[in-house]
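Asker: just coords:
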């Protein structure tokens, strides 16, 4: 644990135990979303599904990256991940992004994807609001993740016909905002 880091965050007025709990729950959401998106992506088949598959894959990989980026901060603040995967799954900040009853319904899969991203946007906005001006490292990390989650939501909402977002599918690098936390 980075004792001075935790001390500075506490002195800034952040309830560090509450923050760590939020970070662990969001890490659980990222890892479980990575898992469920694997299943959703595999079921995006046919003419309609194939056009969405690469976007779902990018969001899937980036959610795994979000998990990987969150873990060090959790431990720096004195937290830890549960040792029981079932417990970790069940504490997720977002509901499971499970395959819909009809796995051939691409629109239903898109609804699951966009709902998962909207939950993530809410969660990281909340963490940013708690840490703004108080915990610079957690704020920076959460803001980077928030940027990517907003793009994911935009991609999926466009496919649902909710209107243009102005966002484009990225070429090449995944996690352009979060990747700095891996260097």
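Answerer: Received, thanks. It should be emphasised that the depicted structure is a prediction, and the values quoted were computed from it without experimental measurement. Numbers count the residues shown, from 1 in each chain.
Asker: would you quantify the distance from residue 11 to residue 135?
Answerer: Noted for residue 11: a distance of 10 Å to residue 135, by CB to CB, to the nearest Å. No exception for glycine: its C-beta is placed from N, CA and C like everyone else's.
Asker: ok, residue 141 next?
Answerer: Computed with CB to CB, the distance linking residue 141 and residue 135 is 10 Å.
Asker: same question, residue 9
Answerer: 4 Å.
Asker: for residue 84, same thing?
Answerer: Counting by CB to CB - residue 84 and residue 135 are separated by 28 Å.
Asker: looking at those two, which one has more neighbours?
Answerer: Legend: neighbour count by other CB atoms under 10 Å for residue 84 and residue 135, higher for residue 135 (25 against 10).
Asker: who are the contact partners of the more buried one?
Answerer: 8-9, 12, 14, 19 (CB atoms under 8 Å, 6 or more residues apart in numbering).
Asker: what's the PyMOL line that selects buried ones from those residues?
Answerer: For the buried members of the contacts of residue 135, the matching PyMOL selection, counting by 16 or more other CB atoms under 10 Å, is:
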select buried, resi 8+9+14+19
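Asker: a markdown table for the contacts of residue 135, including distance to residue 166?
Answerer: Supplementary listing: the contacts of residue 135 in a markdown table, determined by distance: CB to CB, whole Å:
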| residue | distance to residue 166 |
| --- | --- |
| 8 | 37 |
| 9 | 35 |
| 12 | 35 |
| 14 | 33 |
| 19 | 32 |
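Asker: any chance of the contacts of residue 135 in JSON lines, with secondary structure too?
Answerer: Conversion of the contacts of residue 135 to JSON lines gives the following (DSSP: H, G, I helix; E, B strand; the rest coil):
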{"residue": "8", "secondary structure": "helix"}
{"residue": "9", "secondary structure": "helix"}
{"residue": "12", "secondary structure": "coil"}
{"residue": "14", "secondary structure": "coil"}
{"residue": "19", "secondary structure": "helix"}
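Asker: which one among the contacts of residue 135 gets closest to residue 122?
Answerer: Proximity of the contacts of residue 135 to residue 122 was ranked by CB to CB; the top entry is residue 19 with 16.2 Å.
Asker: same list (the contacts of residue 135) but as a markdown table, adding pLDDT.
Answerer: Supplementary listing: the contacts of residue 135 in a markdown table, determined by pLDDT from 0 to 100:
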| residue | pLDDT |
| --- | --- |
| 8 | 94 |
| 9 | 95 |
| 12 | 96 |
| 14 | 97 |
| 19 | 98 |
